[in-house]
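Engineer: Structure, please.
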Amino acid sequence: MTDTYTLTLYNRSTAPRWTFAVYTVVPVSGSDRLAPVAWLTKTVDSGDSVTFEWTLDHRLVFAAQGIDTGTEWTEAASMPVSAGTHDNAARIGYQSGGHMFTLEPAEARPTTPGRLYVDTDPNVPEYGPIGGPTVGLALSGGEQNRPSTFAPAIVGTSGPGLSHAFDLDPTYYIDAGTIRQGTLVDFDAVTGFQKVEFGPGRFSSEWTLDASDTWVPGPPA
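Structural biologist: So this is what the prediction gives:
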């Protein structure tokens, strides 16, 4: 059974409201550039809180668009996959001027626990800022007591004849601001946000944005 994570964020800022966002960084090989995505978001009034909930269920995603921070990344196709099984890899092809996103044949990739793959055909166009291609990982989550959905969490550049490997060891960050769901963030910027760690056997965490707009661990004092 997949473990369920919860993250409760309290708004005690003096500002009327902020949008709270959770970001995930996952190592992706084969990409020249990575961009985390505003994965879980909720606008929270001062004095209120939100609890996000998620599981480590994944999908591989693809888009024919570039990585431009500050813009919204919208998947063109997704592929249900399962690490540690034969259904752990997808392939991007290109035919008649369009991309194709398909599941790799069984045993195309080693069934390594905690790793997913995307391979690209040699005729896939070179990466461009307008048409991509970009590949990514979507995670299942949302606000607690509401239906979970898969949403992109991190994306990377792609191109012809590449092999991408996603190492499923997420690092989580939180931020508050005027943030839109699905917006791409500069990789170096997101690692400067507040890091949230879940220790061994620990699947819940609480953080408070205090009156000085600083994140402090735990519920409000």
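Engineer: which helices and strands does the lowest-mean-pLDDT helix or strand in the chain pack with?
Structural biologist: Scoring the helices and strands of the chain by mean pLDDT, DSSP states H and E places helix 187-190 at the bottom, with a mean of 92. The contact analysis (3 or more Cβ pairs under 8 Å, 6 or more residues apart in numbering; DSSP states H and E) places helix 187-190 against strand 17-25, strand 34-36. Just so you know, the C-beta spots here come from the backbone N, C-alpha and C atoms, and that holds for glycine as well.
Engineer: Go through the next helix or strand after that helix and flag the buried ones.
Structural biologist: Where DSSP states H and E defines the elements, the next helix or strand beyond helix 187-190 is strand 194-196. Neighbour-count burial for strand 194-196, counted by 16 or more other Cβ atoms under 10 Å, picks out Gln194, Val196.
Engineer: residues in contact with strand 194-196?
Structural biologist: Leu7, Val22, Thr171, Tyr172, Tyr173, Ile174, Asp175, Ser205, Trp207, Trp215 (Cβ atoms under 8 Å, 6 or more residues apart in numbering).
Engineer: Now which of the residues you listed would you call buried?
Structural biologist: Buried, going by 16+ other Cβ under 10 Å: Leu7, Val22, Tyr172, Tyr173, Ile174, Asp175, Ser205, Trp207, Trp215, out of the contacts of strand 194-196.
Engineer: still on that earlier bit, now the least confident helix or strand of the chain, how far from the centre of its chain.
Structural biologist: 13 Å (Cα atoms, centre = their mean, to the nearest Å).
Engineer: what's the answer for stretch 2-13, then?
Structural biologist: Relative to its chain's centre, stretch 2-13 lies at 16 Å (Cα atoms, centre = their mean).
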